[in-house]
Structure formats: C-alpha cells, structure tokens
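Asker: What would the 3D arrangement of this be:
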Amino acid sequence: MNHHPTNRRIRSVWTGPQSPVGHVCQTAVVVLCALILVFATLAFGAVRFWALGPILMVIGLAGVLWIVRVLSTREIPVVFSALGPPVIALAAYGVIRYGLSEIEPIACGAMMQALGAALLFFLILNNLRHRWHVTVFAWALVGTGALVAAYALWQVLLGGTWVWAFPQYDQYLGSASGTFVSPYHCAAYLQMVFPIAAANFLFSRRSMEQKVVMGIACLLIVAALLLTAAPNGWLGWLASVIVLLVYIIKRGDKKSRWLMVGVGLLGLLLIAATIGLLAGSDTGHDFTSAERQSRPILWRSAWEIARGNVLLGAGPGMFRWLYPAQRTLQGVLDSTQNEYLNVFTEYGVIGFALVLWVLVVFVMGATQILSVRAARYSASTLSNRYAFTVGGLAAVAALAVGSVFDSSLHAPANLFTVVAIMATTLTCGVHPDGKVDDDEELPGRYTPRSLKGLNKLALVAAVASVILLLASRLSKSYPADVCLRLAERDRNRCDWQAAEGHYRQAWNFDRRNFDVTSAIGDFFSARATWDIARRDRLMEEALMWYDRALTANPHDADVFVKMGRAYDALGKSELAGERYQRAIQADPQNATYHAQLALHYQRWSEMEDAVASFARAYELGGDDPLPEIELRQLGKLDS
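Answerer: Predicted coordinates for the structure are as follows:
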C-alpha cells in the first residue's frame, strides 16, 4: 500500500479516452493554432488590422471547436495550471481598462489582442497533449523563424528594399527586418525562436537529420539577428544563450562541468565583444544610433504621462495621443520603446504588477517541469519535451531582457508567439499514466482535471463569452477597415463615386471610428481640388467630417491642421489661423505644425509672422526640409 504525507494534496487526474468528435476537434484546434503562428509572422507581424482581424477570427473558431469538444463527451479533461490565474486576471483587467477608456476605438484593438492571446493560451494548454503536437509547434516556430531569417539576410546582402510587395521605410533600409516592417520586431521574434531551435538541437531525441536542420536554422537566425542592428535582439539572444548554457552544464557530469563553464564563459565574452563592436561601428544603420540616443528622452516623457494616473495608467493605446503634450522628439510615436514602461504608462501599477506575476509564475512553472523531468529520467536521457521546456524558458528570458529596449509586443505576431511558447512549455510536464503515485497533482506535472456537469457548462459559458465579445467588436471594426481600404483604393484611382460609397459603408459599420471620419474629410478635401465648380460645397462637407473626427478623438491635433487648410482654401483666413493655433496649443513642440502655420501666414502675405514660424519649425528640427528651404529663399538663413 502506498502512503502519502499528510501535507501533500492529492487530486485524481484525468487519464481516460475521448470521443471521436472530440479527437477531431482537438486536432483541428492544434492545426489552427499552428497556422496562426505562421500566418501572423509572415503577414508583416500582423501589425495591420487586415491581418490581425482574420487571426482573431481563427482564434474564435478554434474556441468554438474546443466548446464542441467539451460538449461531445460526458467528462472532459481541463488543464488550468498555476499560470491560469495571472493570465485570466491580466485579460480581465484589459477588458476592465477598455471599459474605462476615454476613447473606445483606441482601446478596442488592445482589448481584442489581450482576449485573443488569453484564449490562445488556454486553447494550446488544453488541446496540446501528444508528443506529435509539440513536434508540430516546434517545427512551425523553427521553420517560420528560418524563413524569416533567410529573407532578412537577403534584404541586407542583396540590397532588398521591399517587405514582400511593399517598399520598406527609408529609415530601415539596409537593416534586416525579414517579414516584419521594423527590424526591432523582427529581432524580438528571432530571439524567441532561436532557443527553441537550439534546445531541440542540444537536448531532443530527434534524428540526426532533423538536428542538422535545427542547427542550420540556428545559424541563419543568429546571422539575421546580428544584421538587424537591434540592441533588444542582441541582448535578448545573449540572455537565451545564458539559459541554454546553464542547462548544458546541469546535464553534464561533474568532471566536465568546469570545462563547460570555462568554454561557456569564453563564448559569452566573444558574443558580448562582437555585439559591442557591431553596436559601436558605423554600419550604415543611422536609425539605430538616433533611436539609442532618443530613448532616455522618450522615457522621461512617458514617465510624465504615467504620473497622471499611476494606479490605472493613461489607458490602452493612449501613449500616442497623450505624448504630443509632452513631446521631446519629432514624428509620430506609438510606444515608449520599452515594453515595461509602456505597460506602466498605459495600464498603471496594476497592469505592471499583473505582467510581472505572469512572468514569475511561468519561470517557476518551467523550472519545476525541468526539475521533475531531471529527477525522473537520467541526465543522459534525451527528451523532446525537456528540450522544448528549456527552449521556452530561454525564449521568455530573451523577450524579458529585450523588452527593456523596445515595445516588441506591439507586433501581435510576437505576442501570440510568446503566448504559444509559454502554453506549449507548460504542456511538457510529466504526463499521468494511470498509476496512483504518478497521478498526484504536483508542481512540474501535466495534470488535467476532470470536468463534468455544471462545471463543464461553466467552462463553456466562459469560453463562449470571450468569443462573443471578440465577435461583437470584430463585426464592426473589421468590415469598417475593409471598406476603408477599398475606399482608399478607389480614391487613388480617382473613382470618386465608388470611393464615396465605400467610405460611407465604413462609417455605417463603425460610427465611432475617428480614422474613418477623418479619412472621409480627406476624401472631400481631395475631391474639391479636382472639382472647382463645387469646391466650396465639398470643402464644407470635409469640415463637417473633420468636426466629427474631433468629437470622436479630441486628441487628434492633425485634424486641426486639415481644417486650417480647408478654411484657407475657402478664403477664411481668421478661422484657418485659429485652427492652426489650436493644433500648436495641443502639440507645441511639433515642427510640422509650426511649418503649416508659417505657410498660412505666407499665403496671406503676413511675412513677419511667417518667418517667425518657419524659424521655430527649423529650430525644433525634424525630417521636413521645408522650413530650411523657405528660410533660405527668404534670406533669413546663412547658406
């Protein structure tokens, strides 16, 4: 008879079979989740809503299949894990913060990503049970990472200036960005995929041919990482190498450990020296040095914004709109270039604490899995699940370090990738095999609980509520985005009638979307330049839509400038000047706004004020050469 200590908590775990329908649904969920990881990465990191929308729809579809699987049998296994409470708490806080947001369309995207990531986490945790499931995810990550790395190398070595069929931004030319727009986002992705490939090469029991492929993928990823010229990727990769080195040493015998320690330290020194030389060399990546110098200034502005509401933060997505009042750098900035500071700025102390809770619990869970597997199996025994767990722990360590230097999770592909890695890692605990001693619910073990009756229905209701909330938001925002893109296409073709129809369809789908209302104003303003006979009426129509855009988002100072231009075209100088001044009041350090005000003064022959505004714009700097050109033409700037 087996005796258990009185302080050990015993709960029976599920080890039985499932229905054929449940098996089909489970397999479908695994395949859909793997496809999400591949598509999100290849579709520019899913930073555009045309890519993010379908991904969220597929996550919802996978959720429906999970519900069918749950309802197809009387008793269903469910895995919650120690990471379940912080993930649910973080997602719930995202929904609450969305409800408290000042401008709903701005917060909506962040809320949908949070819900989608949380649902993806539980989908993988509860449907990824077999060894081949882990293998599918490992190859999906490594294969996609190798493809991204190869494409990034092509961009640098062969002078590629495109990301798929779209031209790359000028500031990123010459840097490896792969299928991402930003090299920083590419580096964040590669630093997570590298340890998965390396751990499978070092610790798995895959065939020699498969390990060779894993090794080649590692070399491609490392080369691409170095060419991204992104400090977040370099330092994150270094962190992952340290974690891998620790477990290489732990699996060695006592005689060889010190040798491995010495070799490992020498390797780390060489890696650090290489990174230092690349960071300090003139490699042609001007954007890296500029962004490196600007970070401390930007972080001070973010801190000033966060001080307005330390507990709850400024609100999801609000940094971009509140930053102009604290502007220290020119241009449009969507994030703080520091993920931790970004969370603190937008979600406050509560959000920051919840993120740390997730990280700490995951690290504890992964190390417990590795400890249990090390104790259960001999040190020389290779294991695919052990390999993925080491790789998952190293990947999260890489992202945690790299996030100090970039807001990498603003690319949904990176968010979904790290969530998938964390969930898959937690499925790698020791699985129950039907023996009493092995089926105890202990740390480091994969222990699905049996749900039936009301508990099963409660789970279904919870998953269904998340899916319905996502669907309710997507049903408005995604069709509006599609119609807006169609309208922009028609406008570029000067097909005014078709463009107006698509614009109005977009507005009918989502009347709170200030991007749509502002775009409609731009449409009527552009049309007025082509239709002189109806110019005044079209300009008045544009002003009406600009007013609606300001009502939806009073922080969008660009709309004031657009209204100023419209009033200038109508010959209403005073109203135009007032709108330009309001834009500058909202964003006093914006060089572009001062240049636009100068053009207004120049238009109405107020040359003294024009020179003063051009001089102020030139003093503030920025990429626009207009102030310098005008000042030289006016003889107010030495050649």
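
Asker: check contacts around Met57.
Answerer: Each residue near Met57 by C-beta atoms under 8 Å, 6 or more residues apart in numbering is listed here: Leu474, Tyr478. Glycine gets a C-beta too; all of them are placed from N, C-alpha and C.

Asker: so what pLDDT did Thr424 get?
Answerer: On the pLDDT scale, Thr424 is placed at 96.

Asker: swap in Asp170?
Answerer: 81.

Asker: how much space is there between it and Leu620?
Answerer: 21 Å (C-beta to C-beta, to the nearest Å).

Asker: Name the residue in those two with the higher neighbour count.
Answerer: Leu620 (18 against 10; other C-beta atoms under 10 Å).

Asker: number of nearby residues for Phe560?
Answerer: Neighbour tally, Phe560, other C-beta under 10 Å: 22.

Asker: Hmm, it is touching Tyr580, no?
Answerer: Yes: look at Phe560 against Tyr580 with C-beta atoms under 8 Å: they come within range, at 7.0 Å.

Asker: which strands and helices sit next to the helix or strand hosting Glu488?
Answerer: Using DSSP states H and E, Glu488 maps to helix 454-492. If you count contacts as 3 or more C-beta pairs under 8 Å, 6 or more residues apart in numbering; DSSP states H and E, helix 454-492 packs onto helix 49-71, strand 76-78, helix 104-127, helix 496-509, helix 514-530.

Asker: okay, those, which one's buried deepest?
Answerer: Comparing the helices and strands packed on helix 454-492 by mean neighbour count (mean count of other C-beta atoms under 10 Å), helix 104-127 ranks first with a mean of 23.

Asker: same question for the helix or strand following that one, mean pLDDT?
Answerer: Later in the chain than helix 104-127, the nearest helix or strand by DSSP H and E is helix 131-157. If you average the pLDDT over helix 131-157, you get 94.

Asker: What are the buried residues along helix 131-157?
Answerer: By neighbour count on 16 or more other C-beta atoms under 10 Å, the buried set for helix 131-157 is 133-142, 144-153, 155-156.

Asker: Equivalent analysis for stretch 357-374, please.
Answerer: 357-359, 361-362, 365-366, 368-370, 372-374.

Asker: chain center to it, what's the gap?
Answerer: Distance of stretch 357-374 from its chain centroid, counting by C-alpha atoms, centre = their mean, to the nearest Å, is 24 Å.

Asker: returning to that earlier point: out of the helices and strands packed on helix 454-492, the one nearest Asn414 is which?
Answerer: helix 104-127 (10.7 Å; C-beta to C-beta).

Asker: what's the angle from the closest one to helix 514-530?
Answerer: 130 degrees (axes from the mean of the first three to the mean of the last three C-alpha atoms, to 10 degrees).

Asker: which strands and helices sit next to helix 104-127?
Answerer: helix 20-42, helix 49-71, helix 84-99, helix 412-426, helix 454-492.

Asker: who wins for proximity to Asn553 among the ones you listed?
Answerer: That would be helix 454-492 among the helices and strands packed on helix 104-127, by C-beta to C-beta, at 14.8 Å.

Asker: in that closest one, what's buried?
Answerer: 456, 459-460, 463, 466-467, 469-470, 473-474, 476-484, 486-488, 490-491.

Asker: Which of the buried residues of stretch 357-374 fall within strands?
Answerer: Assignment to strands by DSSP state E places none of the buried residues of stretch 357-374 there.

Asker: Looking at these, spot the one nearest Met318.
Answerer: For those, the nearest to Met318 is Val358 (22.1 Å; C-beta to C-beta).

Asker: helix/strand/coil for Gly308?
Answerer: coil (DSSP: H, G, I helix; E, B strand; the rest coil).

Asker: hang on, it packs against Ala314?
Answerer: Yes: using C-beta under 8 Å, Gly308 makes contact with Ala314 at a distance of 6.2 Å.

Asker: Quickly list what's touching both of the two.
Answerer: Leu322.

Asker: Give me the more crowded residue out of these two.
Answerer: Ala314 (23 against 14).

Asker: Isn't that one up against Phe344?
Answerer: No: under the criterion of C-beta under 8 Å, Ala314 is not in contact with Phe344, lying 9.8 Å apart.

Asker: which neighbours do these two share?
Answerer: With C-beta under 8 Å, 6+ apart as the test, Ala314 and Phe344 both reach Ala306.

Asker: domains in the protein, as residue ranges please.
Answerer: Domain segmentation of the chain under automatic domain parsing yields 20-432+443-452, 479-589.

Asker: Of these, which is nearest Arg616?
Answerer: domain 479-589 (9.3 Å).

Asker: distance between the ends of that closest one?
Answerer: With C-alpha to C-alpha, to the nearest Å as the measure, domain 479-589 spans 36 Å from end to end.

Asker: pLDDT averaged over that domain - what is it?
Answerer: Here domain 479-589 scores 94 as its mean pLDDT.

Asker: same question, stretch 409-421
Answerer: 96.

Asker: which outside residues touch it?
Answerer: In contact with stretch 409-421 (C-beta under 8 Å, 6+ apart) are residues 33, 36-37, 40-41, 43, 45-47, 52, 55, 113, 116-117, 120-121, 124, 137, 141, 180, 182, 185, 188-189, 192-193, 196, 334-335, 339, 342, 391-392, 395-396, 399, 403, 408.

Asker: cool, stretch 473-480 as well?
Answerer: Residues contacting stretch 473-480 (C-beta under 8 Å, 6+ apart): 49, 53, 56-57, 60, 105, 108-109, 111-112, 505-507, 509-510, 513, 516.

Asker: 7 Å - rerun?
Answerer: With contact meaning C-beta atoms under 7 Å, 6 or more residues apart in numbering, stretch 473-480 is reached by Phe49, Gly53, Leu56, Met57, Cys108, Met112, Ala506, Phe509, Asp510, Asn513, Val516.

Asker: Let me have those in CSV, extended by distance to Ala499.
Answerer: Converted to CSV, those look like this (distance: C-beta to C-beta, whole Å):
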residue, distance to Ala499
Phe49, 19
Gly53, 22
Leu56, 27
Met57, 27
Cys108, 25
Met112, 28
Ala506, 11
Phe509, 16
Asp510, 18
Asn513, 17
Val516, 13
